[in-house]
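Undergrad: kindly generate the corresponding structure for this input.
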Amino acid sequence: MERALAHRFGPTALVTGASDGIGQAFARRLAEDGFDLILVARRERVLEELALDLSGRFGVDVRVVALDLAHPGAVTELLDATQDSPVGLVVAAAGYGSIGPLLELDPAGETGMVDLNCRSVVALCHGFGARMAGQGRGGIVLFGSLVGFSGAPLSATYAATKGFVQSFAEGIAVEMRPQGIEVLSVAPGPVGTGFAARAGMSMGQAATPETVARGALAALGRRGTVRPGGLAKLLGWSLALLPRPLRVRVLGQIMKGMIARNPAV
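TA: Have a look, this model is predicted:
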């Protein structure tokens, strides 16, 4: 199934947040499928090592662009750097979260999260979406979350950014489909990644990044939203049955449990 993606969207895929976790899992799957790659993240050395591995293993061309997409102007710089690249698929996996009461968190970190998780996503979709529309084909994979369907106490900013991405993805999917562009929102539950460590979250029964990548690529062009992994599907279905105020309280208890399991928070 996935082998056809390179022929449908190719020849080049751009992956943000490619240095670890879900972004790196996507990079590996796409290289295996025959995509040439543009890998984007802050850590250039890690990206270079990954690029060497993927190009050697799968015989694809891999470029590295070291950028912090939370910074103003970074997406413009990325668009300039890829002006001559035939990007047919964008996987916007860069992002981070936090956990704890808002008033106890670093305000710069919270607003930076909005910049990376939301502003950069809009800029990426606008810039690369316009190029894909000119090509008459393309795919965009965005990342919501299980907590993006309601407020989440102790992770309020993160949940809000993911709610934004979910709504944004649903809207542009309708706009862009007539231009040959498929948009997918991936809304996973707990995933065992460096993202969780940065947020200070203790993840029990987490899905693997490979599960998320595999499920997302299988859904691209077939569905508008996907929840990869059995736990994500179960939690999503269970929470959807609850009235929204109760759902918010339940998510607050889940977040409180994550803090309790992680004494470093």
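Undergrad: how far off centre is stretch 82-89?
TA: On the basis of Cα atoms, centre = their mean, to the nearest Å, stretch 82-89 sits 19 Å off its chain's mean C-alpha point.
Undergrad: how about stretch 106-113?
TA: Counting by Cα atoms, centre = their mean, stretch 106-113 comes out at 19 Å from the chain centroid.
Undergrad: go on, stretch 148-161?
TA: Stretch 148-161 sits 16 Å away from the centroid of its parent chain (Cα atoms, centre = their mean).
Undergrad: start and end of it, how far apart?
TA: The first and last residues of stretch 148-161 sit 7 Å apart, counting by Cα to Cα, to the nearest Å.
Undergrad: may I see the buried residues of it?
TA: Within stretch 148-161, the residues that count as buried by 16 or more other Cβ atoms under 10 Å are 148-161. Yep, even glycine has a C-beta here, placed from its N, CA and C like the rest.
Undergrad: which residues are contacting it?
TA: Contacts to stretch 148-161, defined as Cβ atoms under 8 Å, 6 or more residues apart in numbering, come from residues 95, 97-102, 105, 110, 113-114, 117-118, 145, 147, 162-166, 187, 199, 236, 239-240, 244, 247-249, 251-252, 255-256, 259.
Undergrad: any idea of the mean pLDDT for the longest helix along the chain?
TA: When the chain is scanned for its longest helix (criterion: DSSP state H), the result is helix 156-176. The average pLDDT within helix 156-176 is 97.
Undergrad: check which element follows it along the chain.
TA: Downstream of helix 156-176, the first helix or strand assigned by DSSP states H and E is strand 181-186.
Undergrad: still on that earlier bit, residue 178: which of the buried residues of stretch 148-161 is nearest?
TA: Here the nearest of the buried residues of stretch 148-161 to residue 178, counting by Cβ to Cβ, is residue 148; it sits at 26.1 Å.
Undergrad: tell me the SS of the closest one?
TA: Using DSSP: H, G, I helix; E, B strand; the rest coil, the structure places residue 148 in helix.
Undergrad: check what pLDDT it gets.
TA: pLDDT at residue 148 comes out at 90.
Undergrad: measure it to residue 168 for me?
TA: 11 Å (Cβ to Cβ, to the nearest Å).
Undergrad: re earlier: would you format the buried residues of stretch 148-161 as CSV with distance to residue 60 included?
TA: Output for the buried residues of stretch 148-161, formatted as CSV (distance: Cβ to Cβ, whole Å):
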residue, distance to residue 60
148, 32
149, 36
150, 40
151, 42
152, 38
153, 44
154, 41
155, 37
156, 40
157, 37
158, 33
159, 36
160, 37
161, 32
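Undergrad: can you tell me the closest non-neighbouring residue to residue 70?
TA: Distances taken as Cβ to Cβ, 6 or more residues apart in numbering put residue 116 closest to residue 70, at 3.9 Å, once the chain neighbours are dropped.
Undergrad: list the contacts of that neighbour.
TA: Contacts for residue 116 (Cβ under 8 Å, 6+ apart) come out as 69, 70, 94, 95, 96.
Undergrad: I'd say the first one and residue 94 touch.
TA: Yes. Under the criterion of Cβ atoms under 8 Å, residue 69 is in contact with residue 94, at a separation of 5.3 Å.
Undergrad: between these two, what contacts are shared?
TA: Listed as contacting both residue 69 and residue 94 by Cβ under 8 Å, 6+ apart are 16, 40, 116, 120.
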